[in-house]
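Participant: 3D, please:
(chains A and B)
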Amino acid sequence: MPERTLPRALDTHAQAWWNGLREHRLLLQHCADCDYPRMPAGPICPECWSERHDWREHAGTGTVTSFVWYMQPLDARFTKVPYNVSLVALDGGPVVVTNVLDVAFGELMIGDRVRARFCDEPAGFTSLMFVQEKA
Amino acid sequence: MITPQHLSRRVAIVGVGMTRQGDHGQAEGPILAMQALREALADAGLEDKHRIDGLLGAKQYDGSGIEPVSFCRSLGLTPPVTATLDYPTAAFTMHHAAALVTSGICKLVAVVYARNPTGSMREISGAQEYDTVHGFFNAAAVHGMSWNAYMARYGTGTDVLGRIAVKQREHARLNPLAAWTEPLTMDDYFRDEPLIWPLRSLDICKVTAGGVAILVGSADMARDCAKLPVDFLSVGRQATHGLERGEQMSHLSRREMGQQLYGAAGITAKDVDLLYVYDPTTVAVAAALENYEFCEPGGCEAFVGDGERIGLNGSLPVNTHGGHLSEGYLLGLTHHVELVRQLRGECGARQVTGARLAQYVGGGGIRPQFYQAASLFCRGDWNA
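Facilitator: Model prediction:
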């Protein structure tokens, strides 16, 4: 069984997000009327209720706002521990749930600056991961 | 949004019942629920099961629980109102029962829940799957993220979480219905390796089998019942956006809700005699102490101290039955059974003397939006 899989019920509104990741681009759905970035993607702007949207490329930079480390396997698909699940606040945008890669337990800190890394997965899609921005 | 409700003591808990929590072999959920409901009716002194004119069930994310229509059919009940809420932890379902009674739609609502999940007493609870791309599993992870942010903000550690786990176990050891009664020390807590860092297994409740039933009735109905009613004084509700908008599950943005809750009842946090917190993790308890003004933001560790303050002889006994962490997990409904029995004086070795006011704090709705709810209850003979 592949480790990382797409959500079982893939929202059609998110298709452009996944298509963008496949091209190693971070595309965010913005309201075409009030510019609000929708996360997750959807048919209605949750701020102004506009039905119009467009997709805009994001630079892929952000800040870690919190994280946990899975120290023991809780699921048969994710047995390589420890691994973190992190919240990253994209610059000027929403918070995404992600993994920060190439970092050891104890080396990840809230407030760390991170940038996107696009990972082509064996299951045939591309995931949005992050790595720390080092000086 | 904040919607305080002063219920003017027009609705009360008039009967409670619950089974032992823990391992029930192959017993089916509806049987455990029936046993609890039979006990609740006897507790209320009601012989006619058809007095129940509303029945609220609840289901877990794994589908286990009580589906009210089929349950009523099994028990030969025909209440005109049945429902299951989308986020069914106890505060929400109890508020729904209170609303049915105060509106006059129902006179006696039974809130019923039971489950016998696989892995009882072993598997950690909250096993839903949020994200198969990143391996984001279990509700406890959301609490872990909250606590990590809290530690970074206030420079604290996990000692206070251990104190909470140890104290609740101490309470469970005096509770004949509790699933976990082995002694637990701080040494045991620190020896427990992190599971979802910063949380240990001992910070996270396990699934258990058991049944619970609570009868919610009008003030008129309460006069027909056998025991002292426990009145709803006030309730508070709040919903916020979820993780994607930067909210933390248990974090310190809820203090205004406590102000509304106490304001509606004309009391302050200092008047609360007993505190019951829906505790899928120890983090929920620590957060409730700050969110509801029992202590200042960042002050829960100093408040809890060595744990005596939240013990049976402390100024604020918390989860006197052991909570989900040590008694067993049934959506917070068992906390209501305990607060009723404490306020009536039926708790034997773990009885807190002179308790008149009890507060319940609950939460739910994990990823898309966060919901918080709280209730204040008092003895039926208490005069403010």
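Participant: in stretch B:77-89, what's buried?
Facilitator: Buried residues in stretch B:77-89, defined by neighbour count with 16 or more other CB atoms under 10 Å in any protein chain shown: B:Leu77, B:Pro79, B:Val81, B:Thr82, B:Ala83, B:Thr84, B:Tyr87, B:Pro88, B:Thr89. C-betas here are computed from N, CA, C, even on glycine.
Participant: Widest-spaced pair of those residues?
Facilitator: B:Leu77 and B:Tyr87 (24.7 Å; CB to CB).
Participant: CA-only coordinates of the helix or strand containing A:Met129 in CSV, if you can.
Facilitator: Using DSSP states H and E, the element containing A:Met129 is strand A:126-132. Taking Å, rounded to 0.1, in the frame of the first residue of the first chain, the C-alpha atoms of strand A:126-132 are listed here in CSV:
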residue,chain,number,x,y,z
THR,A,126,2.4,15.6,-6.0
SER,A,127,2.4,16.6,-2.3
LEU,A,128,3.1,20.0,-0.8
MET,A,129,5.8,19.7,1.7
PHE,A,130,8.1,22.3,3.3
VAL,A,131,11.7,22.6,4.4
GLN,A,132,13.3,25.1,6.8
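Participant: Can you work out which other helices and strands pack against it?
Facilitator: Strand A:126-132 is packed against helix A:15-22, strand A:95-98, strand A:100-101, strand A:113-120, with contacts defined by 3 or more CB pairs under 8 Å, 6 or more residues apart in numbering or on different chains; DSSP states H and E.
Participant: again, 6 Å this time
Facilitator: helix A:15-22, strand A:100-101, strand A:113-120 (3 or more CB pairs under 6 Å, 6 or more residues apart in numbering or on different chains; DSSP states H and E).
Participant: Closest one of the buried residues of stretch B:77-89 to chain A?
Facilitator: Distance to chain A, by CB to the nearest CB, is smallest for B:Tyr87 among the buried residues of stretch B:77-89, at 19.0 Å.
Participant: Quick check: that closest one touching B:Gln372?
Facilitator: No. Using CB atoms under 6 Å, B:Tyr87 makes no contact with B:Gln372, being 10.7 Å away.
Participant: Any buried residues in stretch B:54-70, and which?
Facilitator: B:Gly54, B:Leu55, B:Leu56, B:Gly57, B:Ala58, B:Lys59, B:Gln60, B:Ser64, B:Gly65, B:Ile66, B:Glu67, B:Pro68.
Participant: can I get these in a markdown table with pLDDT, distance to chain A and secondary structure?
Facilitator: Output for the buried residues of stretch B:54-70, formatted as a markdown table (pLDDT from 0 to 100; distance: CB to the nearest CB, whole Å; DSSP: H, G, I helix; E, B strand; the rest coil):
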| residue | pLDDT | distance to chain A | secondary structure |
| --- | --- | --- | --- |
| B:Gly54 | 98 | 33 | strand |
| B:Leu55 | 98 | 31 | strand |
| B:Leu56 | 98 | 28 | strand |
| B:Gly57 | 96 | 25 | strand |
| B:Ala58 | 92 | 23 | strand |
| B:Lys59 | 86 | 19 | strand |
| B:Gln60 | 82 | 17 | coil |
| B:Ser64 | 81 | 19 | coil |
| B:Gly65 | 90 | 22 | strand |
| B:Ile66 | 94 | 26 | strand |
| B:Glu67 | 94 | 22 | coil |
| B:Pro68 | 96 | 26 | helix |
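Participant: Show me which of these is closest to B:Gly157.
Facilitator: So of the buried residues of stretch B:54-70, ranked by how close each gets to B:Gly157 (CB to CB), first place is B:Gln60, at 31.8 Å.
Participant: From A:Asp35, how far off is that closest one?
Facilitator: Counting by CB to CB, to the nearest Å, the gap from B:Gln60 to A:Asp35 is 40 Å.
Participant: just A:Ala41 next, same as before
Facilitator: Distance, A:Ala41 to A:Asp35, using CB to CB: 15 Å.
Participant: Neighbour count: these two, which is higher?
Facilitator: Each of A:Ala41 and A:Asp35 has its neighbours counted (other CB atoms under 10 Å in any protein chain shown); A:Ala41 has more, 19 against 13.
Participant: hang on, the earlier thing: which pair in the buried residues of stretch B:54-70 spans the largest distance?
Facilitator: The span of these, defined through CB to CB, is set by B:Gly54 and B:Ser64 at 22.4 Å.
Participant: Please verify my assumption that B:Val235 contacts B:Leu376.
Facilitator: No. B:Val235 is beyond contact range of B:Leu376, at 7.5 Å (criterion: CB under 6 Å).
Participant: partners of the strand holding A:Met129, with directions?
Facilitator: strand A:100-101 (parallel), strand A:113-120 (antiparallel) (DSSP bridges).
Participant: got the residues of chain A near chain B?
Facilitator: A:4-5, A:39, A:66, A:68-72, A:74-75, A:78, A:85, A:94-95, A:97-99, A:110, A:127 (CB under 6 Å from any CB of the partner chain).
Participant: Buried only: go through these for me.
Facilitator: A:4, A:39, A:66, A:68-71, A:74, A:78, A:85, A:94-95, A:97-99, A:110, A:127.
Participant: re earlier: so which of the strands paired with strand A:126-132 comes closest to B:Val207?
Facilitator: Short answer: strand A:100-101, nearest of these by CB to CB, at 30.6 Å.
Participant: and the closest one, what's its mean pLDDT?
Facilitator: The predicted model gives strand A:100-101 an average pLDDT of 98.
Participant: What average pLDDT does the longest strand belonging to chain A get?
Facilitator: In terms of residue count, the longest strand belonging to chain A (DSSP state E) is strand A:61-70. Averaged over strand A:61-70, pLDDT sits at 97.
Participant: So what's the gap between that strand and the chain middle?
Facilitator: 11 Å (CA atoms, centre = their mean, to the nearest Å).
Participant: just stretch B:72-89 next, same as before
Facilitator: 20 Å.
Participant: what does that stretch rub up against?
Facilitator: By CB atoms under 6 Å, 6 or more residues apart in numbering or on different chains, the residues outside stretch B:72-89 that reach it are B:30, B:52-59, B:68-69, B:92-93, B:106, B:278, B:331-332, B:362, B:364-365, B:371.
Participant: same question for that stretch, mean pLDDT?
Facilitator: On average, stretch B:72-89 scores 93.
Participant: quick one on the thing from earlier: right, and the helix or strand after the longest strand of chain A?
Facilitator: Downstream of strand A:61-70 (by DSSP H and E), the next one is strand A:83-90.
Participant: Give the partner strands of that following strand in its sheet and their orientations.
Facilitator: strand A:61-70 (antiparallel), strand A:95-98 (antiparallel).
Participant: Now tell me what touches it from outside.
Facilitator: Outside strand A:83-90, the residues touching it (CB under 6 Å, 6+ apart) are A:58, A:62-70, A:95-96, A:98, A:100, A:108, A:114, A:130, B:134, B:136.
Participant: before we move on, what about stretch B:357-376?
Facilitator: Outside stretch B:357-376, the residues that reach it (CB under 6 Å, 6+ apart) are B:87, B:89-92, B:130, B:139, B:142, B:233-240, B:242, B:247, B:249, B:254, B:261, B:265, B:271-278, B:288, B:332, B:335, B:339, B:343, B:377-378.
Participant: rewinding a little: could you dump the strands paired with strand A:126-132 into JSON lines and include mean neighbour count and distance to A:Leu21?
Facilitator: Below are these laid out as JSON lines (neighbours: other CB atoms under 10 Å in any protein chain shown; distance: least, CB to CB, whole Å):
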{"stretch": "strand A:100-101", "mean neighbour count": "18", "distance to A:Leu21": "15"}
{"stretch": "strand A:113-120", "mean neighbour count": "17", "distance to A:Leu21": "6"}
